[in-house]
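Enquirer: give me coordinates for this.
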Amino acid sequence: MFKRVGGTKDILPQESPFWQKIEEISRNVFSLYNYKEIRVPLIEEAALFNRSLGESAEIIQKQMFIIKSKEDTYALRPEGTASIVRAYIENNLDKTTGFIKLYYTGPMFRLERPQKGRLRQFHHIGAEAIGSMDPSLDAEIISLADHLLREFSVDNYKIKLNSLGCTKDKKELTSRLHRALGDKLYKLCADCKIRFKKNTLRILDCKKESCQGVVRKLDIQDSHLCPECKVHFARVRAGLDSLKINYEVCSYLVRGLDYYTRTVFEITHQSLGAQDALGAGGRYDNLVKELGGPELGAMGFAFGVERLLLVTRSGGQEVGSQKLVYVIALGDEAKIQGLKLLDKLRKERIICDTDYEGKSLKSAMRKANDLGAGFVLLIGEDELKKNVLTLKDMSSGKQEEIRPEELISRLRC
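Expert: Now for the predicted structure:
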């Protein structure tokens, strides 16, 4: 009798409804944020992951499923970001679309020891937004992850947040860690002794208690961040604070992949044990260029579906079809108000989006038209002073000032 391969799982008919519900809720929530689905192959050139994830990453060293032909070496995808960036570049989306918001679902593969919530074939639900350096996008991505968990009826989770800074900042942090850990190597596990030589930052991500004990005694704050990265992180936190999203800044959070820069976050749940991450993500502002594309900022995250199913068996509400509401916020203060407005609309199950590319008013209006928006909401200095919103009906061209408390009823007329 044949048996399934170790580390894989049959999803039986009685379990399928839970998977379908998770996927249905995800698609509904992604649509509220104007993310579009992308489907990429399960198999890629192995070099894509070697280059994007980092030669010293544990995935590359131990966990990739490799397929060799006479001439080429392929890999079953261990994560989704690299494949999506490859697709973005190869299909010239930077030229035809520019800034884009994508989501995906599907299986990933890692050759590792199977354990609770950690399989060799597992499934991700994730999102990637490519083409913006705006810290408001970081706040949206994290609020999107938070929104999904609330729709899944997951509670008691923690959002951990940190900034790695730019490439120079990461090098500075690595140097400081190297100096601080040099006389403590005897306390570290065998893997971390190797990480000390190849990728010192990865020691911060070790889950072994002995290594965590050493790391927690280090004085790691944000002094390695350059002024620009400090401002970026402050604006991310301001955005999350305006949305009343609970998070804790964790200076030891690095994530295990080399492409991360600036904002990184992880969402954990204590019921999962030592491997407690439900999902994680962050910025990867250098990856598009490193894989042969233009210099573009990007950010994303992914949830492990199997882990979600361990903490929930929940349902959610469907989102009806409706026209997009496009918010144009001019100025830093207006952008904070724009974040709050977007959050309000989404809680009312109204599909909405905003400009993250720093476009002029004229260009942003053109973008709204290209997206097929039904309404545009404008927030600028005049609107802030008068405590009003400018609402434009894109089909009739009618434009008027309304009070914020009138907005929902006007959109539903």
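Enquirer: hmm, residue 333 is touching residue 385, no?
Expert: No. Residue 333 is beyond contact range of residue 385, at 10.7 Å (criterion: C-beta atoms under 8 Å). In this view, the C-beta of every residue, glycine as well, is placed from N, C-alpha and C.
Enquirer: who has more neighbours, those two?
Expert: residue 333 (13 against 8; other C-beta atoms under 10 Å).
Enquirer: does residue 52 count as helix, strand or coil?
Expert: When classified by DSSP: H, G, I helix; E, B strand; the rest coil, residue 52 comes out as helix.
Enquirer: that one - how many residues pack around it?
Expert: Number of residues near residue 52 (other C-beta under 10 Å) recorded here: 23.
Enquirer: distance of it relative to residue 83?
Expert: Counting by C-beta to C-beta, to the nearest Å, the separation of residue 52 from residue 83 is 9 Å.
Enquirer: what residues are shared contacts of those two?
Expert: Overlap of the contact sets of residue 52 and residue 83 (by C-beta atoms under 8 Å, 6 or more residues apart in numbering) is empty.
Enquirer: could you chop the chain up by domain?
Expert: 16-166+226-311, 168-216, 325-411 (automatic domain parsing).
Enquirer: buried deepest among those domains, which one?
Expert: When you average the neighbours per residue for each of the domains of the chain (mean count of other C-beta atoms under 10 Å), domain 16-166+226-311 leads with a mean of 19.
Enquirer: and it, average pLDDT?
Expert: Per-residue pLDDT over domain 16-166+226-311 has a mean of 90.
Enquirer: what of stretch 376-390?
Expert: Averaging pLDDT along stretch 376-390 yields 95.
Enquirer: ok, and what's touching it?
Expert: Applying C-beta under 8 Å, 6+ apart, the set of residues contacting stretch 376-390 from outside is 325-331, 333-334, 337-338, 341, 361, 365, 368, 391-392, 394, 399-404, 407.
Enquirer: out of these, name the ones that lie in strands.
Expert: If you go by DSSP state E, these have 325, 326, 327, 328, 329, 391, 392, 399, 400, 401, 402 in strands.
Enquirer: state the pLDDT value of the closest residue to the third one other than its chain neighbours.
Expert: With sequence-adjacent residues excluded and distances taken as C-beta to C-beta, 6 or more residues apart in numbering, residue 327 is closest to residue 354, at 4.2 Å. The predicted local distance difference test score for residue 354 is 96.
Enquirer: my guess is residue 354 contacts residue 324. True?
Expert: No. If you go by C-beta under 8 Å, residue 354 and residue 324 don't touch, sitting 10.7 Å apart.
Enquirer: strand 325-329 and the helix or strand containing residue 138, what's the angle between them?
Expert: Assigned by DSSP states H and E, residue 138 falls within helix 135-151. For helix 135-151 against strand 325-329, the angle by axes from the mean of the first three to the mean of the last three C-alpha atoms, to 10 degrees is 140 degrees.
Enquirer: who touches residue 367 in this structure?
Expert: Residue 367 makes contacts with 326, 355, 357, 359, as judged by C-beta under 8 Å, 6+ apart.
Enquirer: again but with residue 298, I slipped
Expert: Listed by C-beta under 8 Å, 6+ apart, the contact partners of residue 298 are 85, 128, 129, 130, 131, 132, 283, 284, 285, 287, 288.
Enquirer: make it 10 Å
Expert: Listed by C-beta atoms under 10 Å, 6 or more residues apart in numbering, the contact set of residue 298 reads 81, 84-85, 88, 99-100, 128-133, 137, 259, 261, 282-288.
Enquirer: show me what it bridges to in the sheet.
Expert: Beta-bridge pairing of residue 298 under DSSP bridges involves residue 130.
Enquirer: okay, and residue 21 sits in which element?
Expert: For residue 21, the host element (DSSP H and E) is helix 16-32.
Enquirer: which elements pack onto that helix?
Expert: The criterion is 3 or more C-beta pairs under 10 Å, 6 or more residues apart in numbering; DSSP states H and E, and the helices and strands that helix 16-32 contacts are strand 36-37, strand 100-109, strand 121-130, helix 135-151, helix 305-311, helix 332-347.
Enquirer: helix or strand next in line after the first one, which one?
Expert: Taking DSSP H and E as the definition, the helix or strand that follows strand 36-37 towards the C-terminus is strand 43-45.
Enquirer: got the end-to-end distance for stretch 345-363?
Expert: 23 Å (C-alpha to C-alpha, to the nearest Å).
Enquirer: quick revisit: could I get the helices and strands packed on helix 16-32 as JSON lines with distance to residue 246?
Expert: Output for the helices and strands packed on helix 16-32, formatted as JSON lines (distance: least, C-beta to C-beta, whole Å):
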{"stretch": "strand 36-37", "distance to residue 246": "29"}
{"stretch": "strand 100-109", "distance to residue 246": "24"}
{"stretch": "strand 121-130", "distance to residue 246": "20"}
{"stretch": "helix 135-151", "distance to residue 246": "9"}
{"stretch": "helix 305-311", "distance to residue 246": "17"}
{"stretch": "helix 332-347", "distance to residue 246": "14"}
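Enquirer: for residue 293, find the nearest of the ones you listed.
Expert: strand 121-130 (9.0 Å; C-beta to C-beta).
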